[in-house]
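Enquirer: Here is my input, please return the structure:
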Amino acid sequence: MAIVKYDREGRKSSYGVKWSLDGKRKFKFFENKTLRNDFFTKLVKKEKSSGRAILGIASHEAVIMQRCMDILGTPEKVLEACRIHSKRATLTDITSKEAIDEYLKEKKALGRDTNYHRAIRNILHRLRARFPASFAEWSEIVARAWVFELVADFSPVTVRNHIKASSAFCNWTVERKYIRENIFAKIQIPDVILPEPGFLKVPEIKKLLQTAREKYPSAVAYIALGAFAGIRSSASARLDLSALDFKKRGILIRADQAKNKRRVYLDGYEPNLWLWLEWAKKNAPRGFTLTKRQWDSMRGKVAESAGVKMPKNAFRHSFCTYHVALYGDAGKTATLLTHRGNVSILYEHYRGNAGKEQAKEYFNIKPK
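Expert: Residues are numbered from 1 along each chain as shown. Here you go, the predicted model:
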């Protein structure tokens, strides 16, 4: 408690002492300075002795504590400094570069696909270039400054991905006692407003398939899997004929072929998918062996030759659009997409982009 001498003119006993106790202010006045000073001295001595008694510390320890307070300001700041020092003492001495290399090596060993590994590596290398090499200098302030820079240079989706990847890395470092706390934990992830999905009109998908049959038959299998099954091109590139059950009309995506590393068996597709896959199996079986790079190249050639402008993820978005329009059942569409997110968001995103009659025409596109 703070004890000070206090004079108040205009009253009989004008020499006082004021102090605080348990959050309440206390006053005591005396007729002369001698009495006031004696009380002040005794009160100060009592405060010091009782304080040491409560803390169980000796006089020289109290002196050390007072010196710490002289440097840091308050007992609370002394305690906080001790807490931080204690935590730092238990941390493993490792640079951010060494930790990032270890983290990436571990993720690769877990079997994450090449695209995921490349994306995480780029984000963490960007983070390392901006942050100090020593984890001891990492702080939430530095993290917020970096995110502020990202917001100025990248889209909300990219910023969100950077925060999530960096936060996951920090959680990993905390578990291994490389860093005290996740400095990204309190940083708000920006809201992402999804753009309108780009999808192909029925005449456009017809033109693409016709062009593929005539000029690039190896592309038919991939177009069919994307447009009539909604399978991502990266997943299609990992599928082969053994994954297609033509008799039961089902597709088996093994864990090593799936983006989420989970095995799934899918059926319930529209009949025209299997007609196109059977055509490809008979006329262009090489199409089931294309790599993603080969397919990406061929897709561009097919689109250019057909004179069709391809939106991003055009085949998958087209499948979603027409399947939702045909059934009005987001759960059914989500199951075929192996979509594990919010089903209502998927429904709201694609509903109304096409009518039911257009959807019937889309899923009635067959090889002639």
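Enquirer: Run the chain-centre distance for stretch 312-331.
Expert: 26 Å (CA atoms, centre = their mean, to the nearest Å).
Enquirer: ok but Phe199 is inside a strand, no?
Expert: No. Applying DSSP: H, G, I helix; E, B strand; the rest coil, one finds Phe199 to be coil, outside a strand.
Enquirer: Any idea how many residues pack against it?
Expert: Applying other CB atoms under 10 Å, we find 23 residues neighbouring Phe199. C-beta: built from backbone N, CA, C; applies to glycine.
Enquirer: can you check Leu124 too?
Expert: With other CB under 10 Å as criterion, Leu124 counts 22.
Enquirer: Return the distance of stretch 34-50 from the chain's centre.
Expert: The answer for stretch 34-50 is 60 Å, by CA atoms, centre = their mean.
Enquirer: and the strand or helix carrying Ala227, what other elements does it pack with?
Expert: Here Ala227, judged by DSSP states H and E, is contained in helix 220-229. Under the contact criterion of 3 or more CB pairs under 8 Å, 6 or more residues apart in numbering; DSSP states H and E, helix 220-229 touches helix 202-215, helix 233-236, helix 271-283, helix 292-306, helix 314-327.
Enquirer: nearest to Arg11, of those helices?
Expert: helix 314-327 (84.8 Å; CB to CB).
Enquirer: how many degrees apart are whatever helix or strand comes next after the closest one and helix 220-229 in direction?
Expert: For helix 314-327, the succeeding helix or strand toward the C-terminus, using DSSP H and E, is helix 330-337. Here helix 330-337 points in a direction 160 degrees away from that of helix 220-229 (axes from the mean of the first three to the mean of the last three CA atoms, to 10 degrees).
Enquirer: angle of the helix holding Ala227 against helix 271-283?
Expert: 170 degrees.
Enquirer: Go ahead and name everything in contact with helix 220-229.
Expert: The contact list for helix 220-229 (CB atoms under 8 Å, 6 or more residues apart in numbering) reads 200, 205, 208-209, 212-213, 231-233, 236, 239, 251, 266, 269-270, 272-273, 276-277, 279-281, 283-284, 287-288, 290, 295, 298-299, 302, 314-316, 318-319, 336, 363.
Enquirer: what's the most buried one of the helices and strands packed on helix 220-229?
Expert: Highest mean neighbour count of the helices and strands packed on helix 220-229: helix 314-327, a mean of 24 (counted as mean count of other CB atoms under 10 Å).
Enquirer: quick check: angle from it to helix 202-215?
Expert: 130 degrees.
Enquirer: quick one: average pLDDT of helix 314-327?
Expert: The average of the pLDDT scores along helix 314-327 is 90.
Enquirer: do stretch 214-226 as well
Expert: Mean predicted confidence for stretch 214-226 is 93.
Enquirer: Could you do stretch 96-109 as well?
Expert: Stretch 96-109 comes out at a mean pLDDT of 90.
Enquirer: Contacts made by that stretch with the rest, please.
Expert: 116-117, 120-121, 124-125, 127-128, 131-135, 138, 169, 172-173, 176, 178.
Enquirer: ok, of the residues you listed, which come out buried?
Expert: Buried members of the contacts of stretch 96-109, scored by 16 or more other CB atoms under 10 Å, are Ile120, Arg121, Leu124, Leu127, Arg128, Phe131, Phe135, Trp138, Phe169, Trp172, Thr173, Tyr178.
Enquirer: List the ones among those residues that fall in helices.
Expert: Ile120, Arg121, Leu124, Leu127, Arg128, Phe169, Trp172, Thr173 (DSSP state H).
Enquirer: pLDDT weak spots in the stretch 1-150 of the chain?
Expert: Along the stretch 1-150 of the chain, segments meeting pLDDT under 70 span 1-2, 22-23, 48-62, 86-89, 112-113, 115.
Enquirer: can you give me the strands for it?
Expert: 3-7, 15-21, 24-30 (DSSP state E, counting those that start in this stretch).
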